[in-house]
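In: Sequence and computational prediction follow.
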Amino acid sequence: MSKSKKMKKKYGPEYLFGFAQSFHELLVITSGIELNLYDLINHHKSISSKKLSSLKGYSETLINSWCKAATAIGHLKFENTNYSLSKFAKNFLTKDSPSYLGFIFQNIEGLFFIYNTLKERFDGHYPPIKGSHAVSTIKSIAPLANIIVPILRNEIPRLNEKCEFLDLGCGLGSYLVKLAELNPQFQGTGIEGGWGLEVVNEARNYIKQNNMESQIKIINADILKFKPEQNFDVIFMSGSIQAFREKDAQKILNKSYDWLKKQGTIAIQEFIINENRLEPQSNALFDFYLRLASPNAGLYSYQELYNMLEIAGFIEIKKYDIISGLSHIIAKTKN
């Protein structure tokens, strides 16, 4: 029996209708997250749209329509006039779930900011990112640490022991906090400067709110100009290397090698694109988004990162696939 051919994507009216449907689904998800509707339904287990409306003080007509739409796309189940969460919504759209992925939909403001300035960007003029947008962005992606940190601890045993850790481009500091929560011997330093002082202050407040000031410090600095006062066991970069042109990315990796102790480890968490820049599809689209956001940004292929790490002197370079095109590239310094 011959192998089945890869089905080609059909374009035409059905494609555009599908795109419109995806946009409408985005509205349903964003409404449920921003208004805490998923969490409220989860708290009550089963609730009518009328009761849900009265608890929140929202329009009964809109809440009823939202419930029906959320049921239609499989987020809610309807029985005896009441709504309850589907398994999918319970696992991924409630904030107390360890697998919460709703944060992906919380940075809509940033997408529209880029959309409203498309001509300037294609003309080569990049409007500065507002502090509020930067803070919104780092807050929206911070929950990813809850999913990733347990994976990192399995990949890098040193994270479970006494560990001096440097997070280059730490954002809110969510990885630092999660690692410190799980390991009292953990000492972390976060470097943040690319997003602006507003983000640095937000990160410092986040560390303070979590009572981690004895284990974690946040430094406002340009990664390319940063000069640490110590060496580290582990250096971590999550979504940071994508912000730099290859020349500057190589400088950062070279410096990182010097900042690590003997047999130290670097872990790069990135969305990886293939050599022809076409796959995975989600990463090809994300690469376009990054280049719209910044003239220096863009995704790297695994081979490109491998080569840069090798040039910097790293050995035992390995790639671990995590979720949806997201990978860890882990390497070590020599003895």
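Out: The structure has been received and is ready for your questions.
In: contact partners of stretch 202-213?
Out: With contacts defined as C-beta atoms under 8 Å, 6 or more residues apart in numbering, stretch 202-213 is touched by 135, 138-139, 170-174, 176-177, 180-181, 190, 192, 216-218. For every residue, glycine as well, the C-beta is placed using N, CA and C.
In: residues of that stretch that come out buried?
Out: Within stretch 202-213, the residues scored as buried using 16 or more other C-beta atoms under 10 Å are 202-204, 206-207, 210, 212.
In: same check, this time on stretch 16-29
Out: By neighbour count on 16+ other C-beta under 10 Å, the buried set for stretch 16-29 is 28-29.
In: Looking at that stretch now, give me its mean pLDDT.
Out: For stretch 16-29, the mean per-residue pLDDT is 84.
In: go on, stretch 164-180?
Out: 96.
In: Tell me the span between the first and last residue of that stretch.
Out: 11 Å (C-alpha to C-alpha, to the nearest Å).
In: Buried residues in that stretch, which are they?
Out: 164-180.
In: Filter those residues down to the ones in strands?
Out: Per DSSP state E, strands hold the following members of those: 164-168.
In: what's downstream of the lowest-mean-pLDDT helix or strand in the chain, the next helix or strand?
Out: In the chain, no helix or strand scores lower on mean pLDDT, DSSP states H and E than helix 108-115, which sits at a mean of 70. Moving toward the C-terminus from helix 108-115, the next helix or strand (DSSP states H and E) is helix 118-122.
In: residues making contact with that following helix?
Out: Taking C-beta under 8 Å, 6+ apart as the rule, helix 118-122 contacts 114, 126-127, 292.
In: ok, 10 Å please
Out: When contacts are defined by C-beta atoms under 10 Å, 6 or more residues apart in numbering, helix 118-122 is touched by residues 114, 125-127, 291-295.
In: any chance of the buried residues of stretch 202-213 in CSV, with pLDDT too?
Out: Converted to CSV, the buried residues of stretch 202-213 look like this (pLDDT from 0 to 100):
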residue, pLDDT
202, 93
203, 94
204, 96
206, 95
207, 96
210, 95
212, 96
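In: Pipe those residues into a markdown table and attach distance to residue 62 and secondary structure per row.
Out: As requested, these are arranged in a markdown table below (distance: C-beta to C-beta, whole Å; DSSP: H, G, I helix; E, B strand; the rest coil):
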| residue | distance to residue 62 | secondary structure |
| --- | --- | --- |
| 202 | 32 | helix |
| 203 | 36 | helix |
| 204 | 39 | helix |
| 206 | 34 | helix |
| 207 | 39 | helix |
| 210 | 36 | coil |
| 212 | 41 | coil |
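In: Tell me the one of the residues you listed nearest residue 275?
Out: Nearest to residue 275 out of the buried residues of stretch 202-213 is residue 203 (C-beta to C-beta; 35.3 Å).
In: Let me see the contact set for residue 263.
Out: The neighbourhood of residue 263, defined by C-beta under 10 Å, 6+ apart, consists of 158, 233, 315-316, 332-335.
In: Buried among those? Need that as a selection in ChimeraX.
Out: In ChimeraX syntax, the buried subset of those is picked out as below (16+ other C-beta under 10 Å):
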select :158,233,332,333
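In: Now do the domain split for this structure, please.
Out: Listed domain ranges for the chain are 13-106, 115-332 (source: automatic domain parsing).
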